[in-house]
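1. Sequence plus the predicted model coming up.
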Amino acid sequence: MTQRMIGAGRAVVRGILAAAVVMVAAAAQADISRFVGDYVGSADLISADGTTQPRDMSVQIRGTDEAFTVSWTSTSYRGDGSSKDKSYTIEFVPSDRTGVFSSAMTRNVFGHSVQLNPMKGEPYVWSRIVGDTLSVYSLYVTEDGGYEIQEFDRTLAPGGLNLDFQRVRNGDIQRTVSTFLRRK
C-alpha cells in the first residue's frame, strides 16, 4: 500500500469522525431547541421541617455549538426585608448516551472541558432530556462520605416551564420547590 493511499484513508476516517461530531451536536441542538428561552416565576421553598421561604426564580437556557447552557438565579427573602441571590451557569456537552449530557464546568491541562471531582467536595453534574423534561442533577459527596443530590426537572408547559426541585441528603428530602416559570 502506498503512502498516498494510507494518507487518503486517514483523511476519510477524519472526515467520518468530523461528520459524526457534527451529527451529535446537531441532535443535541434539536433536543434543546424546544427549551431555549428565558423563564421567570416565584415559589415557596419547603424545608424538611415544614417551614417555607419565598423565592423568585429565573432560568435561561441557551444552545451552544456543542450542546447547551443552563443559567439560573434564585432570590431568597429574609424576615428583615433583605434578599440574597444565588446564580449558577453550567455548560453541557453530549455524552456517549443519547439524551444524556455531561457538564463542562472546568478545563483540564489540555484545555478540554471536564466535570468537577465530587471526592474533592465539588458537584458531579449531568443532565438529560426525556420527552418534554430537561433534568439537571448535582451529586455531592459530603465531608463524612454521605451524599447529597439536587434534581431540577424543567418540563415544557403552555407558556413556560413547570419546575420541580428537590434536595435529598442521605435519603432524606431536605427541600422541595414546585412552580410554574413563565416564558419572557
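-> Looks like it arrived, so ask away. Here the structure is a predicted model, which is why all the values come from computation and not from measurement. Numbers count the residues shown, from 1 in each chain.
2. contacts and neighbour counts: CA atoms only from here.
-> OK.
3. which residue is nearest the middle of this protein?
-> Val136 (4.1 Å; CA atoms, centre = their mean).
4. Now that one: which helix or strand?
-> strand 133-141 (DSSP states H and E).
5. Run me through the strand neighbours of that strand, direction for each.
-> Here strand 133-141 is paired, per DSSP bridges, with strand 124-130 (antiparallel), strand 147-157 (antiparallel).
6. Next secondary structure after the longest one?
-> Later in the chain than strand 147-157, the nearest helix or strand by DSSP H and E is strand 160-169.
7. Gly41: which of the strands paired with strand 133-141 is closest?
-> strand 147-157 (12.7 Å; CA to CA).
8. ok, back up a step: so the strand holding Val136 versus strand 160-169, what angle?
-> Here the directions of strand 133-141 and strand 160-169 differ by 20 degrees (axes from the mean of the first three to the mean of the last three CA atoms, to 10 degrees).
9. got the CA positions of strand 133-141 in CSV?
-> What follows is strand 133-141, C-alpha atoms only, in CSV (Å, rounded to 0.1, in the frame of the first residue of the first chain):
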residue,chain,number,x,y,z
THR,A,133,-38.5,17.3,30.6
LEU,A,134,-34.9,18.7,30.9
SER,A,135,-33.4,17.4,34.2
VAL,A,136,-30.2,18.7,35.8
TYR,A,137,-28.7,16.6,38.6
SER,A,138,-25.9,17.6,41.0
LEU,A,139,-24.3,15.0,43.2
TYR,A,140,-22.1,15.9,46.2
VAL,A,141,-20.1,13.6,48.4
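10. Centre of the chain to it, how far?
-> Relative to its chain's centre, strand 133-141 lies at 7 Å (CA atoms, centre = their mean, to the nearest Å).
11. Stretch 87-98 now?
-> Taking mean C-alpha positions (CA atoms, centre = their mean), stretch 87-98 and its chain are 5 Å apart.
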